[in-house]
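Q: Sequence and predicted model, in that order:
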Amino acid sequence: MTNPEVVAILERIGDLLEIKGESRFKVIAYRKAAEQVRDLGRDLAAVHREGGLDAIPGFGAAIAAKVAELLDTGSLGYYTKLIEEIPASLAELLRVPDMGPKKVKLLWEQLGVVDLPGLAAAAAAGRLRDLPGMGEKSEARVLAGIQAMATRSDRAPLGDALPVAEAIAADLRALPGVVAVEPAGSLRRRKETVGDLDILAAAVDAAPVIQAFVSRPDVGRILGQGPVKASVELVTGMRAQLWVHPPAHFGSALLYATGSKDHNVALREFALAQGLSLSEHGLKRLADGEEIRFATETALYAALGLPFIAPELREGRGEVAAARAGRLPRLVESSDVVSTLHNHSDWSDGKATILEMAEAAIARGLKVLAITDHSGGLGITQGPKEKDLPRQREAVRAAQVRLGDRIRLLQGSEVEIRADGSLDFSDAALAQLDIVVASMHVSLRQSRDQVTARMLAAIHNPHVDIIGHPTGRMIPDRARADLDLDAVLAAAATTGVALEINANPRRLDLSDVLARRALEAGCLLSINTDAHQPDHFDFLHFGVAVARRAGAEPERIINCWTPERLLAWLADRGRP
Ligand code: DGT
Ligand code: CA
Ligand code: ZN
């Protein structure tokens, strides 16, 4: 049983208990446990083998015992009993906008609705509006929500797919005779969601590699198997295919399988103009039919007279022409990032102390760490109120003394942009902080005019330096706020406020497309992990991938500036 499967069951239990009306405490316990497993960064089964389940924060004895049963037997008696009592499909109704646990229970008891199709039918037949607490308006919202869910594809978020692909690749690399393994396709291009995994291996003898692939314990069923290619469905429902090529052809095959299709088409046209035909096998000279194979992609691009084009740029958006003209951007790399400017500590909903966060940042080579806990007005995170800020300032200063010059700490805030457009802290309080990130977590569903006006007010506040996760979208299932983006980008460009690329794989906000638009509008960007615990700093590469897909150079990303330049920039923005 893999971590995502355990997460799914724990979440499902939480949802079903909530619908049943069990104690809030119990419901939260399961959700917290699911969140812990999701953020674990380790194979839960390995932790269990070491006897370490009890030590996972949020795992009480009862939950640890249930997870142990799941890992040992692949099933859970408690869950089996629960879904005899209450249909498991009710949990999916909670994902529909406007549907809380009480309404779901009511629908089940009064109308016999147990799943999404049933809910859609009841809403379409006008049977929801007469239920207590509902009306025509909420019936219409439910219907629209279900339609939006139906058109949502079942693509996997990059954050879920990448570890799976890397685990498969690592196992295959360890096989004797395997020269190279590379996940290709949209995953290698770091698209925010991927349809399936396309994995390429280089080996002289394909048979044992194919055999190892289809015999993996996480394979649910084999969809197809040939001598050099196999296709499977993993137990999580994700699909994966493997091609095995001779090492001498690996570059040609990797280029083809990385795509995108549009990039391949542009490259093929470019080759044709030089009398060369490009296919997954390599190049063929049309004049004499001579076939040329390539062991590396770099060699293939060079044969076409092009520099290497980074996979993140291969979307058929003019990158072949740019490469030919010598105008490819010098894309940002993770090692360019020296500052992390949006992070939490145990002063709000973070799980570690300021000092622990600093040590983790130092271990990752960072030079500047801003602690930007949520402002107290965002109730659930219990962040500092305005009166607490001087005390936190002292804590940051004390940590700085302990750390010396190993890293520079900044006291900041992730100040809430309230529903009325005002900020959660007074200007006087904001002026005392070293850096201010302003974000919206509430009332994201306001009208376009309202939500845009809030955002513009925040951008025009002279104390705001960065807008955190600017659109509020979540992957895969929360659409962004209905913002007038042209107005927002123009205001950010004028005021010099940086727009965040939030690197948390559930957010990736700004997206690649919007980050590109922000650069074109003249905005500065800021890549941040929004770390709530030390290992969240490892999300950085996701944010860097988004920036690379946007074509961003380090110059436009404030986290890549030297600490001196960053501090000078902050000082220019009117700080003490
Ligand atoms: P996905 O899986 O939907 O997230 O997107 P990709 O880009 O991984 O696409 P996929 O899995 O259908 O195919 C993998 C790669 O194979 C793709 O990126 C480029 C290549 N490819 C697939 N079909 C074609 C095609 O018809 N023409 C060309 N030139 N390349 C193709
Ligand atoms: Ca694919
Ligand atoms: Zn945050």
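A: Received the coordinates, thanks. Ligands and ions are numbered 1, 2, ... in the order given.

Q: Not counting its own residues, what contacts the top helix by length along the chain?
A: The longest helix of the chain (DSSP state H) is helix 3-20. Residues outside helix 3-20 that contact it (CB atoms under 8 Å, 6 or more residues apart in numbering) are 26-31, 33-34, 37-38, 40, 43-44, 63, 67, 70-71, 76, 78-79, 82-83, 85-86, 88, 90-91, 94, 101, 104-105, 108, 160, 235-236. Every C-beta, even on glycine, is put in place using the N, C-alpha and C of the backbone.

Q: Which ones among these map onto strands?
A: Within those, no residue falls in strands by DSSP state E.

Q: Check these for burial and list the buried ones.
A: 27, 29-31, 33-34, 37-38, 44, 63, 67, 70-71, 76, 79, 82, 86, 88, 90-91, 94, 101, 104-105, 108, 160, 236 (16 or more other CB atoms under 10 Å).

Q: Tell me how many other residues crowd Leu313.
A: Using other CB atoms under 10 Å, Leu313 has 22 neighbouring residues.

Q: Need the pLDDT of Arg95.
A: If you check Arg95, the pLDDT there is 81.

Q: quick one, what contacts it?
A: So Arg95 contacts 149, 477 (CB under 8 Å, 6+ apart).

Q: Phi first, then psi, for it.
A: phi -80, psi -10 (degrees, to the nearest 10).

Q: same check, this time on the one 4 residues further on
A: The main-chain torsion angles of Met99 are listed as degrees, to the nearest 10 and equal phi -100, psi 110.

Q: Spatially, and excluding backbone neighbours, which residue is closest to it.
A: Nearest residue to Met99, sequence neighbours excluded (CB to CB, 6 or more residues apart in numbering): Leu93, at 5.4 Å.

Q: Kindly report the same for Gly522.
A: Ala493 (4.0 Å).

Q: Now do the SS call for the one you found.
A: helix (DSSP: H, G, I helix; E, B strand; the rest coil).

Q: Tell me, how many residues neighbour it?
A: 18.

Q: what does Pro132 give?
A: Pro132: 8 neighbours (other CB under 10 Å).

Q: The nearest residue to it once chain neighbours are set aside: what's it in contact with?
A: Excluding its sequence neighbours, the residue lying closest to Pro132 (CB to CB, 6+ apart) is Leu106, at 7.0 Å. By CB under 8 Å, 6+ apart, the contact set of Leu106 is 131-133.

Q: ok, now with 10 Å
A: Shown in contact with Leu106 (CB atoms under 10 Å, 6 or more residues apart in numbering): 100, 113, 128, 131-134.

Q: List only those of these flagged as buried.
A: Applying 16+ other CB under 10 Å to the contacts of Leu106 flags 113, 128, 131, 134 as buried.

Q: ok so, going back, quick one: contacts for the residue nearest to Met99?
A: For Leu93, the contacting residues are 15, 19, 87, 99-101, 103-105, 107-108, 113-116, 118-119, 142, 146, by CB under 10 Å, 6+ apart.

Q: Can you flag which of these belong to helices?
A: Per DSSP H, those map to helices at 15, 19, 101, 103-105, 116, 118-119, 142, 146.

Q: Pick the one among these closest to ligand 3.
A: Asp15 (25.2 Å; CB to the ion).

Q: Export the contacts of Leu106 to JSON lines and append columns for secondary structure, pLDDT and distance to ligand 1.
A: What follows is those, written out as JSON lines (DSSP: H, G, I helix; E, B strand; the rest coil; pLDDT from 0 to 100; distance: CB to the nearest ligand atom, whole Å):
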{"residue": "Gly100", "secondary structure": "coil", "pLDDT": "85", "distance to ligand 1": "34"}
{"residue": "Val113", "secondary structure": "coil", "pLDDT": "93", "distance to ligand 1": "33"}
{"residue": "Leu128", "secondary structure": "coil", "pLDDT": "90", "distance to ligand 1": "36"}
{"residue": "Leu131", "secondary structure": "coil", "pLDDT": "88", "distance to ligand 1": "40"}
{"residue": "Pro132", "secondary structure": "coil", "pLDDT": "87", "distance to ligand 1": "44"}
{"residue": "Gly133", "secondary structure": "coil", "pLDDT": "84", "distance to ligand 1": "41"}
{"residue": "Met134", "secondary structure": "coil", "pLDDT": "86", "distance to ligand 1": "38"}
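
Q: Which residue comes closest to the residue of the chain found nearest ligand 2 once chain neighbours are left out?
A: Closest contact between the chain and ligand 2, by CB to the ion, is at Gly185 (3.2 Å). Spatial nearest neighbour of Gly185, excluding adjacent residues (CB to CB, 6+ apart): Asp198 at 3.5 Å.

Q: Please apply the same query to Tyr78.
A: Using CB to CB, 6+ apart, the nearest residue to Tyr78 is Lys66, at 5.9 Å.

Q: count of neighbours near that neighbour?
A: 23.

Q: wait, it sits on Leu76?
A: Yes - counting by CB atoms under 10 Å, Lys66 touches Leu76, with 5.7 Å between them.

Q: Let me have the contacts of Leu106 in JSON lines, extended by distance to His48.
A: As requested, those are exported to JSON lines (distance: CB to CB, whole Å):
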{"residue": "Gly100", "distance to His48": "34"}
{"residue": "Val113", "distance to His48": "38"}
{"residue": "Leu128", "distance to His48": "44"}
{"residue": "Leu131", "distance to His48": "44"}
{"residue": "Pro132", "distance to His48": "45"}
{"residue": "Gly133", "distance to His48": "43"}
{"residue": "Met134", "distance to His48": "44"}
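
Q: List just the nearest of the residues you listed to ligand 3.
A: Gly100 (25.4 Å).

Q: what sits against that closest one?
A: Here Gly100 is in contact with 18-19, 93-94, 106, 133 (CB under 10 Å, 6+ apart).

Q: is it possible to export these to JSON lines including distance to ligand 3?
A: Output for these, formatted as JSON lines (distance: CB to the ion, whole Å):
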{"residue": "Glu18", "distance to ligand 3": "26"}
{"residue": "Ile19", "distance to ligand 3": "30"}
{"residue": "Leu93", "distance to ligand 3": "29"}
{"residue": "Leu94", "distance to ligand 3": "24"}
{"residue": "Leu106", "distance to ligand 3": "35"}
{"residue": "Gly133", "distance to ligand 3": "33"}
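
Q: pLDDT weak spots in the stretch 1-150 of the chain?
A: 150 (pLDDT under 70).

Q: can you pull out the strands in the stretch 251-400 of the chain?
A: 276-279, 282-285, 291-292, 339-340, 368-374 (DSSP state E, counting those that start in this stretch).
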